[in-house]
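Visitor: My questions concern the predicted model and sequence given below.
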Amino acid sequence: MKSGVPDFRAVFRLRSLIRSFRPDVVHCHMFHANILGRITRLFCRMPALICTAHSIKETSILGGPTWHKELLYRATDSLADQTTIICNAGFDRYVRVGAVPRKKLRMNSESIPSALRVLRRRSSEREKTLVSTPFGIDCDHTAKHMELPEGACVPIHDGGKPRILYIITRARRGGAQTHVLSLACAMRQDFEVAVATGEEGFLTEACRERSIPVYILPHLQRQIRPIADARAFWEILKLIQRLQPDLIHAHTFKAGFLGRLAPIGPS
């Protein structure tokens, strides 16, 4: 699915992926993925579908009106179990223009409990062990592993909290940085959290004010530069080996790409 190029084949590719992976929750982000997920739900089973908007208005890089996108949100709202948004200003605007009903719109930090409520309501045939989260989810605290696809597992440290490492390329103020800060603040109640980024800025300052550990990866930058990217990969790898996180949550393209490569590096 390429930006700005409608291709209905994406629906069937996503349907094939969902049928193969069989997720309990499908969580779509940003306008095109949100609409794609909703339409695909007409062709395959999704126990829970959560859609997240990342801006006050769904503008494109070319600008222009957004009324048609808000109309599509409204027309397909019944196909989503919950819509979440990252800021209060966006919440108020989406309700005001009628893109999403107030009763179905939540702030982004509420998306996980919303999805789990839907799962409890709709899926009783598959039992899963869930690791405790700050949202008060019932769980088996004696479990040593989270259940993951293909037999993978995430060990939980005996006698301590599970560890989450958030990686994001830039630290300057923006929607993604605010989102990471909100997640880290919410999760640290029951998890050990740390944030890694490529620069100093709004996010690092806000984390330090809240006593959240921060790590600077000096070669992690937005531009594609093979030598610097290779060094950033090793910085990420060394940090992972040092912190031994149970979960790595990468945000934005460069951090997401290098974060995916990290598991294939030397142990």
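Guide: It's in. Numbers count the residues shown, from 1 in each chain.

Visitor: quick one: contacts for residue 236?
Guide: Residue 236 makes contact with 167, 196, 217, 220, 258, 259, 262 under the criterion C-beta atoms under 8 Å, 6 or more residues apart in numbering. Yep, even glycine has a C-beta here, placed from its N, CA and C like the rest.

Visitor: mind checking which helix or strand the spatially closest residue to the fifth one that is not a sequence neighbour is in?
Guide: Just to be clear, that refers to residue 258. Leaving aside its chain neighbours, residue 258 sits nearest to residue 233 (5.1 Å; criterion: C-beta to C-beta, 6 or more residues apart in numbering). Secondary-structure assignment from DSSP states H and E places residue 233 in helix 226-243.

Visitor: Return the set of buried residues in that helix.
Guide: Of all the residues in helix 226-243, those buried under the rule 16 or more other C-beta atoms under 10 Å are 229, 232, 233, 235, 236, 237, 239, 240, 243.

Visitor: sec struct for residue 83, please.
Guide: Here residue 83 is recorded as strand under DSSP: H, G, I helix; E, B strand; the rest coil.

Visitor: That one: neighbouring residues, count only.
Guide: Other residues lying near residue 83 total 25 when counted by other C-beta atoms under 10 Å.

Visitor: Surely it is in contact with residue 70?
Guide: No. Applying C-beta atoms under 8 Å as the test, residue 83 and residue 70 come out as separate, 11.9 Å apart.

Visitor: What are the structural domain limits within this structure?
Guide: Domain ranges of the chain: 9-122, 145-264, per automatic domain parsing.

Visitor: where do the helices sit along the stretch 51-200 of the chain?
Guide: Secondary structure of the stretch 51-200 of the chain by DSSP state H, counting those that start in this stretch: the helices cover 67-75, 88-96, 111-122, 175-187.

Visitor: Which strands or helices does the helix or strand hosting residue 10 pack on?
Guide: When elements are defined using DSSP H and E, residue 10 is found to belong to helix 9-21. Other helices and strands packing on helix 9-21, by 3 or more C-beta pairs under 8 Å, 6 or more residues apart in numbering; DSSP states H and E, are helix 31-40.

Visitor: Could you single out the nearest of the contacts of residue 236 to residue 205?
Guide: Nearest to residue 205 among the contacts of residue 236, counting by C-beta to C-beta, is residue 196 at 15.1 Å.

Visitor: re earlier: wait, which of the contacts of residue 236 is closest to residue 250?
Guide: Nearest to residue 250 out of these is residue 259 (C-beta to C-beta; 3.4 Å).

Visitor: my guess is residue 161 meets residue 193, correct?
Guide: No. Residue 161 lies out of contact with residue 193 (C-beta under 8 Å); the separation is 9.1 Å.

Visitor: The two - which one has more neighbours?
Guide: Remark: of residue 161 and residue 193, residue 193 carries more neighbours, 26 against 16, as counted by other C-beta under 10 Å.

Visitor: quick one: buried residues of stretch 93-102?
Guide: 93, 94, 95, 99, 100.

Visitor: related to what we said a few turns ago, please identify every residue contacting each of residue 83 and residue 70.
Guide: In contact with both residue 83 and residue 70: residue 94, using C-beta under 8 Å, 6+ apart.

Visitor: Residue 222: what secondary structure?
Guide: Here residue 222 takes the coil state, with states given by three-state DSSP.

Visitor: That one: neighbouring residues, count only.
Guide: Around residue 222 sit 13 other residues, with neighbours defined as other C-beta under 10 Å.
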